[in-house]
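can't give you the sequence, but here's the structure:
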């Protein structure tokens, strides 16, 4: 099983690069986080407090954070389903979220990509979206820590979404190529 984590601050290009990845290979699918609260609904599985509480009781909440007046959740059942169906692309903005998601399901090879751009570029992109919460998103941008240990670090002010997606895809393919001979050796030694 494989997955991609696009980590970075608001307006770093997670949505546009996910679309470009999907254009390259239909196996890439946006992992739709559970969302409880107001705001944008596109790209989320909208839910309610009782559903979220049920996930918490069962220990199925992998990561939860609150931002922009809403709660955003990565839950184990939907993550497992996404991993079984293709290559989920998970959008995250907190370092501890990356650690939680990569540890949540065993046997997954994650390609962790740190997307960033200069703050003024992010501000222009946020303003162009017209979401009405520019200051809150810039505070989130300021709070997003760098992720120097990522598999790839891409400045989206210098790359088109297509170029960024190509680099990520090449990295995933290279991982698959090195994994295949190891899998063949493992199965041969166990016979």
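Thanks, I have it. Just so we're clear, the structure is a prediction, and the values are computed from it rather than from any experiment. Numbering: from 1, shown residues only.

all helices of the chain, in order?
Taking DSSP state H as the criterion, the chain contains helices spanning 14-24, 49-57, 76-85, 95-104, 119-129, 134-143, 161-189.

Would you indicate which residues of the first one are buried?
Buried positions in helix 14-24, judged by neighbour count with 16 or more other CB atoms under 10 Å: 14-18, 20-22. To be clear about C-beta, it is placed using only N, CA and C from the backbone, and glycine gets the same treatment.

for the residues you listed, which one is nearest residue 33?
Of all the buried residues of helix 14-24, residue 33 sits closest to residue 14, with 11.6 Å by CB to CB.

thought that closest one was touching residue 20?
No. Taking contacts as CB atoms under 8 Å, residue 14 lies outside contact range of residue 20: 11.0 Å.

List of residues touching stretch 134-145?
Under the contact criterion CB atoms under 8 Å, 6 or more residues apart in numbering, stretch 134-145 has outside partners 8-11, 67-68, 93-95, 119, 122-123, 126-127, 131.

sorry, back to before: looking at the helices of the chain, which is buried most?
helix 14-24 (a mean of 20; mean count of other CB atoms under 10 Å).
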